[in-house]
Every structure is written in C-alpha cells, then in structure tokens.
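In: This is a predicted model, with the sequence first.
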Number of protein chains: 2
Amino acid sequence: MGRATGRRVTLSTLAADLGISATTVSNAYNRPDQLSSALRNRILARAAEIGFAGPSPAGRSLRRGRVGAVGVLLGQPLSFAFSDPASVQLFDGVATTFHEHGTAMLLIPSTASAAADKRLVESAVVDGWLAYALGEQDPLWPAIRARQQPIVVLDQPDDAGLPVFAPDDESGMRAIAKHLLDLGHTEIGVVSTEFRRDGRHGPADAERQAQAHAGSTARRLAGVRAAVQAAGLDWAGITVIEAASNTQPAGSQAAMALLRWPKRPTAILAFTDQLALGVLHATRSLGLAVPHDLSVTGFDDVPAAQFAEPPLTTVDHRLAARGAAGAAAIMAWIESGTAPRPGPRSRTRLVVRKTTAAPAGR
Amino acid sequence: MGRATGRRVTLSTLAADLGISATTVSNAYNRPDQLSSALRNRILARAAEIGFAGPSPAGRSLRRGRVGAVGVLLGQPLSFAFSDPASVQLFDGVATTFHEHGTAMLLIPSTASAAADKRLVESAVVDGWLAYALGEQDPLWPAIRARQQPIVVLDQPDDAGLPVFAPDDESGMRAIAKHLLDLGHTEIGVVSTEFRRDGRHGPADAERQAQAHAGSTARRLAGVRAAVQAAGLDWAGITVIEAASNTQPAGSQAAMALLRWPKRPTAILAFTDQLALGVLHATRSLGLAVPHDLSVTGFDDVPAAQFAEPPLTTVDHRLAARGAAGAAAIMAWIESGTAPRPGPRSRTRLVVRKTTAAPAGR
DNA sequence: ACGACCTTCTGTATCGTTAAAGATATTGAA
DNA sequence: TTCAATATCTTTAACGATACAGAAGGTCGT
C-alpha cells in the first residue's frame, strides 16, 4: 500500500513531481473548473501512482478556518446516552441533518474524570458545539464557553443565553395526566426520572420534589401537578417515586414500590417510555392486567412503545425533528456567524394506545 | 462574551500584547515547567482578559501532526447502530478506552448517500480509523484506504489484511446449539440475521444460506450447522428463517412464521439477543410458556437478556472488552506507527438462564 | 487590428501553532 | 575566582494547505 514509502507525500511534493504549482494541484481537488481536464486527469493519475492521499484535512482546516465537524457533548457516559431509545431517536435527527451539511460529529461523552473531559473539549478540532443533556452546573461549561464557538443546547439548561431546543414538557405532561384524570383515575402514582444526580431514589416528598429546580424532570413534574390541581385533587395525595435511573429495570422497581403501597394506584404515570416499559414489566410479573387493573402512561413515544404489550399510551414530542432542528441551528450559526433565535419549545402530541382505560372499580 | 470583539485573538496576538515570544506563550499552555510560574500566571491572566481561547486546535494539529481523534465508521445509519444494545455495549468499551487515551471519536454513520459519506471520510480530521460492521464490499473502503492511515476493524471483514477484532461466533454458536441438542431438542428453528443486505427475508433454503459467504452471520450459521451435524441430525431438516432486520419486531415476526409451521419446533435458536427477545414477545402473544412449550436462545448477552422474562439463555462474548481491545489497538498503531497483530477471536461463554429446558413431550 | 474577455496556470502570503536550537542570566561547586 | 550546569526566554523554520492577485496566451466582436 505504499504506507511505508519513506516520507509522506504532500500536495507540494506532488506539484514538484509534476513540475506545476501547488495551487493547481489544490484546484484539481477543490475547483475542477479552474484547470483543463487534461491536466487534472494527469494530476489525479500521478497522485494515485505516488500515493498522494489527497489534500491533508489538517492543513486545509487551518487555512480555511473551517473543519467540517461539530462537537457533540453527551453529558453522560456513552452507554448511558445510547441505551436510552429516546436519545437515539433524537440523535438520528441530529446525524441526518449534519450529514446533509457534510459535517461530522465529534462525540464527547462525559466520564468520571472531569479533567480528562475538559482536555478533550479544549483540544477538539470542531467548528461549534451541540450540548445534550448537559446540566447547568456541569463542570464542563467553563471549558466549552472558553472556546468561544457557536453552541446550541438540546434539552437541558434554559437560562444560559444560548439557543435551546427542548420539548414542551410541561404541556405534554399536563395533557397525558389530564387524559388519566378524564378517564376517572384519582389514585395516580408517578414514576419520575431523577431530580438530582445524587443517587437518591424512591418515594419523593414535597421537599425532595422541590429539589428538581430545573430541567425536564422539573417541567414534567410541574405539568402533572398542574393537571392534578386543575382537576381539583390534592397534590399531596399523589405518590411520586423517583426512579434510580432512566431504565426499564429502574421503572420496574419503582412500580413494585407503588403497587405494594397500601393504597394501590389505579394508574401509573411514568416520565419516560423507558420507565413505563419497566412498569409494564412489573405488572406482568405481578399478574396484573393492563389496562384493566392498572393504566400506564409513558412519555417520548419511542419505537418500542408501539411494540409494547399492550401498546403504550404516551406523548410524542418529535424527537428526531427536534434533533434535526438543533443540528440545523448550529450549522446556521457556523455558516452565518450569527446566533439563531432559540426555537419555541417543540409541540407535544398525546398518543392514546392500549394501556389506559377507566379504572375497573368504577 | 467578547465573541464579537473584532479580530480573533491568537497566540501570537497575546504574545505581542505581552511583549514576549510566541513560544513562551505556547509553553505556558503546553509545558509549564519551561517558564517561571510568575510569567505563566501573567500570561494566563492576560489571556483571560483579552479573550484568548487557548491554542487553536487546528494550528496545533497541523504543527504536531496529531489530532487526538479517531474516525469511527458505523456502516449503518446511527439510529440503526445504536438501537442495537449489543453495539452500544461494544462502543461503551470503545469510548472508555479512547477516553483514557485522551482521544475523541469522530462518528461517521453510513447513509443512503454514499457520495456524501465518501466526502466525509476524505475530509475527516483524524489520526486513524475504527471500522464497525462495514461490509467488505462497502463502497467506502477505497476512500478509507486512500487516507493511508491506521485502520482497525471491529466485527466485519476478515481478509483485508487489517487487524480485526471479532468474537468467535462459530464456537459460541456451536456451544449454545449443543446446549439445546443435549437437552434433547431435535426440532430446532433458527432465526438468523440477514444473509445479505438485499431486503430479502423469510425462510432461507440451502441456496440462500450459501449466500452468507462471509461475516458474522455466516460464521454463526456454520456453528449451528456443525453442532447439528455433530449430533447426527440432518441439517436439511432444520428450518432457518432470515429476519428482516436485527430488531425485536423482526424477531417476533420470524418466530410467528416458525411457530405456525406444520412441524412446530420445540426450540428456537436466535442469532442475536434482540431477535431472541422478539421471539419471546411472540411466544407471549401466542400464549406459549417458555421454556415449557418452547426453548429460546439468544447471542450477545446484552443487559436486557438478564432482565427478560424469563431471563434469556444466551452467549456472552465480552462486547465491551472487545470494543476496548479494538480501540486500544488503533491507539497503539497511531502511537507506535506499526500495525498491531490482529487479536485472536474473543472467547465466548455460554450463559444458561431460564429460557431453555428439555422439550415437554419427552 | 485592437481591446475586452476568458481560460489556464503561477507566485506569494498566510492560516496558528510548536519543535529545535540558541541566547542570556543566574546559580553553585571546586 | 572560574567554569559548568541550570533556568528562562527568544529566534527561526517549518507543519500542509488555499485565497488572492496576477500573468500569459487565446478568442472574438467590431
């Protein structure tokens, strides 16, 4: 393969070899209309012969001031982010849009070592950033800001003065809670995602609930609460269980706790589909029939929701479309040089499937 | 934020501003021991004042000849690759190892537009490549090779003369098939992943089976076949169904076909856990009890296998460890300049859980 | 036959950084 | 006191490419 053939072949090497200027060789690759096709063919042929790998991306990036890559900050370990089907949906939209713009993604997951993460951010060869699920307090923010590059935010912080693309958690949650209330449920158990990343989980009293001061969890909680109070019920009567993580097993575990509660709920409202699927799993092992014995709802409308048994009632918030919008926004910023307006929170849509019905005893 | 403050501040700008040499400023960031800490502090302070974002990664990459990023080729759309929990496990290992080396991943998923993919490969600012599930015939290969950079392969091609890290599909499959045979099963249905990417699926006769000439599917098929023949059974008596994709719904669909077959099998052997979980789903909707009415096996030992109901008998092939090994290999190649030996196929381990038992009628 | 215009190619400067070697002052040992 | 070793900073020359501004020759309308 000629990989060991002494010195690396550069554009100038090739130009010298052919006895022409470097600019012309460059043009052969970048602006074919700027030279005769005869010469161009000769250049390309000779390039193949002596093993010129094409213009070096590093040199090009420096000269052009553009890289063709966006840094994608995950805010979670990779396995974590991508074992959540909702994230996968979102990033599918992101990837598609980047691809249309000829841009690659430099993936930077969070790890236990904040210092190493910081170094990656500092040395990343990118044109801009897309931050996903990166908490407002994340220690990475100073390093990111220090780069002084365009940044668009997906899902998390709300204040930072950056364009944010997030769903309208509050109204989505209000709608699905109202759906349960309209069916006649009054004993509703809530399975929530984490309020804070402190490892605490289990029943969450008012004090703990107050700790979810920002982020989607807080907004979803506010949505349920608004619906419950609008129905004239007492919020204090609603049991909220904080799941240990956004996974099916955690959802299952939380459901177990709820279903063994003295006053077993007639409906469980979960904050994500993953949790809801875990709840369904728990109902199966307890021999409960859904929706007859228990109604269950999710949030996200991931592909598995449709395939669940029974198919899950949930809230669609156009994950892929939102990812695409975020990616388009960062591309626009990079290309135009001016920050785009933060889009409105993306609309949500209640998707009623087969896991909800009126409570049995009614 | 000073982002619109006229010209970009570079290292030399800062040096000039302070009346010192550029090298010293560079050293302040890269080799703190090369200058007095007093001066260093002065530099860092002034940098913050005038908004110097730190040495430009593009300039640094060019000068150092190193980028600190590896291109990761997915060979599939992103949503596809990451909705497979086995891939996620694998990449978790990859990501962890890269992180330890201070290296980021430039993700390049495949799309419908091979031309666009090619351009991304050509212009990617990376030190080397990790190719995952990229078929031998993939149109991207020429472009990748043209880059003349280190390449390590995960899972797919076997011949290319490149270091490959793949599981020992054949012996793993042989072991789990033998497990079923030892239990006394003779009517075994096989749910396979795709033999070729031509959209065909459903029952696969000998001719179709022969089309799986390479890759993990072929090796897994060979493993089952070897076990079946070693048990003295006729391979022609084994029904093989090719699933439409490596997803639960496709596995479910394939199982439906098998279970409605005139001679219903007493065991279904799936080529992946995803497919096996789909099979379990199908058995539930048909009201069959696993393992009493039907034994089911998977392959991969993804986290969900343990959580399945009943917990899935499968084959562990150390996905994360293999991902880590592949990542370590590409890093070693980049750092040392010489290609590492292709590691041995990673060992497999039969994990017997609760989805297998002797056939009922015995 | 003249200038306007196009096609095709070249020369120069520069993108922002760091490696390597050199200069100067300072310290310390004999 | 002298000279080597050390600490601290500087100078120079790339890394590999492309933007920009020509230059040389050819075409074409009038």
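Out: Great, that's in hand.

In: Let me know whether A:P57 touches B:L120 as I believe.
Out: No: in this structure, A:P57 is not within contact of B:L120 by C-beta atoms under 8 Å, at 10.6 Å. For every residue, glycine as well, the C-beta is placed using N, CA and C.

In: Next, count neighbours for the nearest residue to A:E194 once chain neighbours are set aside.
Out: The shortest distance from A:E194 to any non-neighbouring residue, by C-beta to C-beta, 6 or more residues apart in numbering or on different chains, is to A:E242 (6.1 Å). By other C-beta atoms under 10 Å in any protein chain shown, the residues close to A:E242 number 24.

In: And for the one 3 residues further on?
Out: Residue crowding around A:S245 was assessed by other C-beta under 10 Å; the count is 19.

In: for A:T338, same thing?
Out: Neighbour count of A:T338, defined by other C-beta under 10 Å: 9.

In: try A:S336
Out: Counted with other C-beta under 10 Å, the neighbours of A:S336 add up to 10.

In: on that earlier part again, which strand residues bridge the residue nearest to A:E194?
Out: Taking DSSP bridges as the rule, A:E242 bridges to A:S192, A:G202.

In: which helix in chain A runs the most residues?
Out: Selection of the longest helix in chain A by residue count, based on DSSP state H, yields helix A:319-336.

In: quick one on the thing from earlier: shouldn't the residue nearest to A:E194 be in contact with A:R208?
Out: Yes: in this structure, A:E242 is within contact of A:R208 by C-beta under 8 Å, at 7.2 Å.

In: Identify the contacts common to the two.
Out: Shared contacts of A:E242 and A:R208 (C-beta atoms under 8 Å, 6 or more residues apart in numbering or on different chains): A:195, A:200.

In: gap between the residue nearest to A:E194 and A:A328?
Out: 35 Å (C-beta to C-beta, to the nearest Å).

In: same deal with A:L18?
Out: Distance from A:L18 to A:A328, by C-beta to C-beta: 42 Å.

In: Those two: which is more packed in?
Out: Neighbour count, other C-beta under 10 Å: between A:L18 and A:A328, A:A328 has more, with 20 against 17.

In: Verify the stated contact: the more buried one with A:T97.
Out: Yes: counting by C-beta under 8 Å, A:A328 touches A:T97, with 5.3 Å between them.

In: Now the terminal residues of stretch A:49-66, how far apart.
Out: 30 Å (C-alpha to C-alpha, to the nearest Å).

In: any idea of the mean pLDDT in it?
Out: Across stretch A:49-66, pLDDT averages out at 97.

In: likewise stretch A:176-184?
Out: Average pLDDT, stretch A:176-184: 98.

In: mind listing the strands in chain A by residue range?
Out: A:69-73, A:104-108, A:128-132, A:151-154, A:164-165, A:188-192, A:202-203, A:239-242, A:267-270, A:295-297, A:314-316, A:349-351 (DSSP state E).

In: Tell me which of the ones you listed sits most buried.
Out: Neighbour counts (mean count of other C-beta atoms under 10 Å in any protein chain shown) averaged over each of those peak at strand A:267-270, with a mean of 30.

In: and that one, what other elements does it pack with?
Out: When contacts are defined as 3 or more C-beta pairs under 8 Å, 6 or more residues apart in numbering or on different chains; DSSP states H and E, strand A:267-270 sits against helix A:169-182, strand A:188-192, helix A:248-259, helix A:273-286, strand A:295-297.

In: what residues are up against the closest residue to chain B within the stretch 251-362 of chain A?
Out: In the stretch 251-362 of chain A, the residue that lies nearest chain B is A:F307 (5.5 Å; C-beta to the nearest C-beta). By C-beta under 8 Å, 6+ apart, the residues touching A:F307 are B:248-249, B:281.

In: Just the closest of the residues you listed to chain A, please.
Out: Looking across the contacts of A:F307 and measuring by C-beta to the nearest C-beta, the closest to chain A is B:P249, at 5.5 Å.

In: gap between the closest residue to the closest one other than its chain neighbours and DNA strand D?
Out: Excluding its sequence neighbours, the residue lying closest to B:P249 (C-beta to C-beta, 6+ apart) is A:F307, at 5.5 Å. Using C-beta to the nearest atom of the strand, to the nearest Å, we find A:F307 at a distance of 48 Å from DNA strand D.

In: Check what pLDDT A:F307 gets.
Out: 88.

In: Wait, A:A204 touches A:E194, no?
Out: No: judged on C-beta under 8 Å, A:A204 makes no contact with A:E194 at a distance of 9.8 Å.

In: Now the common contact residues for those two.
Out: A:E242.

In: A:A357: what's it in contact with?
Out: Counted by C-beta under 8 Å, 6+ apart, A:A357 has contacts A:183, A:291-292, A:295.

In: Restricting to the residues you listed, which residues neighbour chain B?
Out: Contacts with chain B within those, as defined by C-beta under 8 Å from any C-beta of the partner chain: none are present.

In: Would you mind listing which of the residues you listed are buried?
Out: A:183, A:291, A:295 (16 or more other C-beta atoms under 10 Å in any protein chain shown).

In: Of the residues you listed, which is the nearest to DNA strand C?
Out: For the buried ones among the contacts of A:A357, the residue nearest DNA strand C by C-beta to the nearest atom of the strand is A:S295; the value is 58.7 Å.

In: Spell out which parts of the stretch 251-362 of chain A neighbour chain B.
Out: Counting by C-beta under 8 Å from any C-beta, the stretch 251-362 of chain A sits next to chain B at A:252, A:281, A:284-285, A:303-304, A:307, A:309.

In: can we see that at 7 Å?
Out: A:281, A:284-285, A:307, A:309 (C-beta under 7 Å from any C-beta of the partner chain).

In: Out of the residues you listed, flag the one nearest to B:L44.
Out: Using C-beta to C-beta, A:H281 comes nearest to B:L44 of those, at 53.5 Å.

In: hang on, the earlier thing: now the helices and strands packed on strand A:267-270 in JSON lines, with distance to DNA strand C?
Out: Output for the helices and strands packed on strand A:267-270, formatted as JSON lines (distance: least, C-beta to the nearest atom of the strand, whole Å):
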{"stretch": "helix A:169-182", "distance to DNA strand C": "40"}
{"stretch": "strand A:188-192", "distance to DNA strand C": "45"}
{"stretch": "helix A:248-259", "distance to DNA strand C": "44"}
{"stretch": "helix A:273-286", "distance to DNA strand C": "43"}
{"stretch": "strand A:295-297", "distance to DNA strand C": "52"}
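
In: Point out the most buried one among these.
Out: Compared across the helices and strands packed on strand A:267-270, strand A:295-297 shows the largest average neighbour count, a mean of 29 (mean count of other C-beta under 10 Å).

In: Point out the other helices and strands that that one packs with.
Out: helix A:169-182, strand A:267-270, helix A:273-286 (3 or more C-beta pairs under 7 Å, 6 or more residues apart in numbering or on different chains; DSSP states H and E).
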